[in-house]
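1. only geometry, no sequence info:
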């Protein structure tokens, strides 16, 4: 069974600090791994998309890394802002015919002033 | 360019009733996917439609069904509602089936009482 595990479940940091969120997956082979940001009561918004051959992808203060050998990805947030408070979801889509994505439960990030 | 539009935003139904949710994808996008999001299970894939045909289906009972029209708009129907169907239902659109880039709508919050 394909699984995506995210850690930590929740995280509280001070504004201006950096943080790193983790995503471990068992989906193999996979087509792509995506990180989404979801504000409370709103739909997820794509942050980064990486194929199996990519190691890193940046989007402003967000940088995602991928290690396909260990089946791990991380999302690093630099110089956090209050608006970064949200849930961050890791999604892995398999290759080979089925495009059914597997979602992690997400990491809830709270940034305090 | 308008984003993904879901209607209604909020809905309250009684156990045993049925409900229809609507999703209008981004202009030019032909693939629509539906997801259920609950605090306990996170985001789960329901089904994907492309060119008016269901291409992939998640592990949900037959009470959950959908369809896609020639203009790519999609509807999702849930019959014989149960309390456990209370959730945020999200749809996402993409240019083609299995596309890496998917854009989510704001969701429909369904409460079953």
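-> Received the coordinates, thanks. Predicted model, so just to flag it, every value in this text is computed and none were measured.
2. From now on I want contacts and neighbour counts done on CA atoms only, so please keep to that.
-> OK.
3. Chain B against chain A: which residues are in contact?
-> For chain B, the residues in contact with chain A (CA under 8 Å from any CA of the partner chain) are B:41-45, B:56-58, B:90, B:98, B:100-107.
4. Going through those residues, which ones are buried?
-> Neighbour-count burial (16 or more other CA atoms under 10 Å in any protein chain shown) is assigned, among these, to B:42-45, B:56-57, B:90, B:98, B:100, B:102-107.
5. Which of those residues sits closest to residue B:23?
-> residue B:105 (8.0 Å; CA to CA).
6. and that closest one, what is it in contact with?
-> Residues in contact with residue B:105 (CA atoms under 8 Å, 6 or more residues apart in numbering or on different chains) are A:42-43, B:3-6, B:23, B:90-92.
7. Point out where the chain drops to low pLDDT.
-> Picking chain A for this. For chain A, no stretch has pLDDT under 70.
8. right idea, wrong chain: chain B
-> Low-confidence segments of chain B (pLDDT under 70): B:1, B:98-100.
9. For whatever residue of it ends up closest to chain A, which non-adjacent residue is spatially closest?
-> Closest contact between chain B and chain A, by CA to the nearest CA, is at residue B:106 (4.4 Å). Distances taken as CA to CA, 6 or more residues apart in numbering or on different chains place residue A:43 nearest to residue B:106, at 4.4 Å, with adjacent residues excluded.
10. And residue A:39, by the same measure?
-> Excluding the flanking residues, the one nearest residue A:39 by CA to CA, 6+ apart is residue A:86, at 4.8 Å.
11. Burial check on that neighbour, number of neighbours?
-> By other CA atoms under 10 Å in any protein chain shown, the residues close to residue A:86 number 19.
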